[in-house]
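# Sharing a model that was predicted from the sequence below.
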Amino acid sequence: MIHIYTGNGKGKTTAALGLAMRAVGHGLKVIMIQFMKGRIDYGELKSAGQLSNFTIEQYGRPDFVNPDNPDKEDIRLAQEAFARAREATMGSAYDIVILDELNVAVSYGLIKSRDVIELFERRPTKVTLILTGRQMPEEFVQYADLITECREIKHYFRDGIQAQKGIEY
C-alpha cells in the first residue's frame with residue numbers, strides 16, 4: 001500500500017509514527033527517512049533507538065529550508081535521503097518505509113515528483129510506503145491507496161505558545 005498524510009494541520013508525522021509503533025509490535029521492520037530534519041532532539045529518535053525493528057535516519061540541517069532559494073546543502077541532503085529511500089524500498093530489509101516530509105521536499109524542488117512516481121511504480125508490493133508532509137503534489141493521488149488530510153482548525157502557536165518538548169519534537 002501507499003499511504004499519504006498531508007494537509008496544513010498538526011499530526012502527519014505523528015500518524016506515521018503511530019503506524020510504525022503498531023507495525024513494530026507485530027514484528028514488522030520499519031524505517032523512517034526524515035527529509036529536511038536534522039540534528040534536533042526529536043523524541044521519536046530516542047524512542048526508535050529502543051526498538052529493534054524501527055530505524056529513523058535524518059537527512060537535513062537543523063535550519064529551516066528556504067523554499068524560494070534552497071541551500072545547495074539542502075538539495076544534496078534531500079537527494080541523499082531519496083537515494084536511501086530507493087534502497088530501502090527496493091531492498092528486502094524493511095516492510096514499511098516512511099518518507100517523512102517528502103511532500104515538502106518535492107514542493108520545494110529538492111526532489112522531482114517524477115522520481116517519486118517512479119518509486120511508486122517500481123515499489124515491491126510487499127513494501128508499504130508512507131509519505132508525510134504538507135503540499136502533496138496532485139499527481140500522487142492516483143498512486144496512493146490512502147490519503148489522509150490533517151486540517152488545522154485551531155492551533156496554540158497562534159496564541160504565541162512555543163513548541164513543546166515531547167509534543168512537537
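Perfect, I can see it now. Numbers count the residues shown, from 1 in each chain.
# Might you report the residue contacts of the residue most central in space within the chain?
Nearest to the mean C-alpha position of the chain, by Cα atoms, centre = their mean, lies D100 at 0.7 Å. By Cβ atoms under 8 Å, 6 or more residues apart in numbering, the contact list for D100 reads T13, A16, M32, I33, Q34, F35, K37, T132, G133. All C-beta atoms are positioned from the backbone trio N, CA, C, and that covers glycine.
# for I96, same thing?
L19, A20, A23, L28, K29, V30, I31, V127, T128, L129, I130.
# Tell me the secondary structure of the closest residue to the residue nearest to the centre of the chain other than its chain neighbours, please.
Nearest-residue entry for D100: Q34, 4.4 Å, with adjacent residues in sequence omitted and distances by Cβ to Cβ, 6 or more residues apart in numbering. Per DSSP: H, G, I helix; E, B strand; the rest coil, the local secondary structure of Q34 is strand.
# Then G166?
Going by three-state DSSP: G166 is coil.
# Please report how far the closest residue to it other than its chain neighbours lies from Q34.
Ranked by Cβ to Cβ, 6+ apart and with sequence neighbours excluded, the top spatial neighbour of G166 is G43, at 5.6 Å. Distance, G43 to Q34, using Cβ to Cβ, to the nearest Å: 13 Å.
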